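> Got a sequence here, can you model it:
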Amino acid sequence: MHFPTGILGWLIALFSVLLLVIDVDAHNLALGPSKNTGHSEDIASNFWERAASMGVAVQKYAEQALDDATVTYASAASRIEDVELSMTHLIERTEAMKASIVEQHGKSVDDLYDLLAAEMGKIAQEIKEAFPPPDHAENHAERQLVMANILTKVNAGVIRAVVAAGIPEDEAKVHFEAMEPHILNILVTTGDLLEQHPTLALALLFSVVDMVVPQSWILRPIFGLFGFGPAGTLKGSIAAWAQSRFFGAYIPAGSWFSKLQSASMG
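Got it, this is the predicted structure:
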């Protein structure tokens with residue numbers, strides 16, 4: 001899908017995203033924070049569908065946002081660039097995995113997404129119980145250990161899902177082992193950055209999500225565990241818990257859609 005160009009295209013893009021923002025805010029007001037659980041996945045789906053429909057525009061916006069952040073937060077520039085580089089490598093690894101699944105095995109990544117989302121939903125409940133909020137700000141080493149332990153669970157969940165989709169287990173392990181170091185670096189570095197620069201939260205998390213969009217069939221369920229996106233594949237308070245637990249932030253759904261609005265205008 002491509003947006004029309006020129007003034008008319010700009011107005012259509014702006015109007016369509018504004019409708020989503022209004023819808024999100026209206027539902028939040030009507031349902032209240034404790035009753036919004038059932039609607040959170042609808043909000044997440046709308047967000048990801050809208051981001052996907054924008055094509056390369058959303059990735060270009062993410063890249064520009066990260067470039068701008070390296071100027072605004074000059075002392076953190078090298079680590080922001082590190083996140084961007086890890087995202088590039090991760091996308092390359094997921095593209096290789098997708099080619100194997102589709103071309104060699106003739107499987108559907110849409111079917112695999114459903115299996116992955118179910119597995120990550122189970123893991124979300126496990127990590128909420130196993131990793132309560134710490135009583136102090138975690139340092140780099142502590143954050144590295146927590147994320148590595150969670151990714152061990154994610155690894156097992158991904159393999160279960162891929163095997164259930166009909167892919168050999170050994171092949172599933174090879175693919176995820178190539179992806180895991182990049183995921184770990186993105187998560188840990190993002191946590192380190194937001195501990196020191198909390199005002200970076202929306203720009204950084206949104207940029208990671210934007211770069212994930214082309215490979216959302218596998219990365220959305222995984223990054224959703226950590227609060228990337230409005231509710232991710234998680235529901236209700238778990239999404240807010242993940243953002244707070246891992247990054248010390250909570251980003252309302254409307255803020256995600258506002259960023260999409262900015263991306264749509266180029």
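
> Select the longest helix from the chain.
helix 169-196 (DSSP state H).

> For it, name the packing helices and strands.
If you count contacts as 3 or more C-beta pairs under 8 Å, 6 or more residues apart in numbering; DSSP states H and E, helix 169-196 packs onto helix 77-99, helix 140-164, helix 201-212, helix 237-247. C-beta coordinates here come from the backbone N, C-alpha and C atoms, glycine included.

> Pick the most buried one from these.
helix 201-212 (a mean of 23; mean count of other C-beta atoms under 10 Å).

> tell me the mean pLDDT over that one?
Mean pLDDT, helix 201-212: 90.

> Export the helices and strands packed on helix 169-196 as JSON lines, with columns for distance to residue 56.
Output for the helices and strands packed on helix 169-196, formatted as JSON lines (distance: least, C-beta to C-beta, whole Å):
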{"stretch": "helix 77-99", "distance to residue 56": "13"}
{"stretch": "helix 140-164", "distance to residue 56": "27"}
{"stretch": "helix 201-212", "distance to residue 56": "10"}
{"stretch": "helix 237-247", "distance to residue 56": "27"}
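
> that older thread, buried residues of the longest helix of the chain, list them for me.
For helix 169-196, the neighbour count (16 or more other C-beta atoms under 10 Å) marks 171-172, 175-176, 178-180, 182-194 as buried.

> With stretch 51-68 instead?
Buried, per 16+ other C-beta under 10 Å, within stretch 51-68: 51, 53, 54, 57, 58, 59, 61, 62, 63, 65, 66.

> got the CA coordinates for that stretch in CSV?
The C-alpha trace of stretch 51-68 is given here as CSV (Å, rounded to 0.1, in the frame of the first residue of the first chain):
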residue,chain,number,x,y,z
ALA,A,51,3.0,1.4,10.6
ALA,A,52,3.3,-1.5,8.1
SER,A,53,1.1,0.4,5.6
MET,A,54,3.5,3.3,5.7
GLY,A,55,6.3,1.2,4.1
VAL,A,56,9.8,2.6,4.1
ALA,A,57,8.6,6.0,5.4
VAL,A,58,8.4,4.7,9.0
GLN,A,59,11.9,3.2,8.8
LYS,A,60,13.3,6.5,7.4
TYR,A,61,11.6,8.3,10.3
ALA,A,62,13.2,6.0,12.8
GLU,A,63,16.7,6.4,11.3
GLN,A,64,16.3,10.2,11.3
ALA,A,65,15.0,10.2,14.9
LEU,A,66,18.1,8.2,16.0
ASP,A,67,20.3,10.6,14.1
ASP,A,68,18.7,13.6,15.8
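
> which residues touch stretch 129-141?
142, 146, 149, 150, 188, 191, 192, 195, 244, 245, 248 (C-beta atoms under 8 Å, 6 or more residues apart in numbering).

> end-to-end on that stretch?
21 Å (C-alpha to C-alpha, to the nearest Å).

> ok, back up a step: measure how the longest helix of the chain sits relative to helix 237-247, angle-wise.
70 degrees (axes from the mean of the first three to the mean of the last three C-alpha atoms, to 10 degrees).

> how far does helix 169-196 sit from the chain's center?
Distance of helix 169-196 from its chain centroid, counting by C-alpha atoms, centre = their mean, to the nearest Å, is 13 Å.

> Determine the angle, from 0 to 180 degrees, between it and helix 140-164.
Going by the same axes, to 10 degrees, helix 169-196 makes 150 degrees with helix 140-164.
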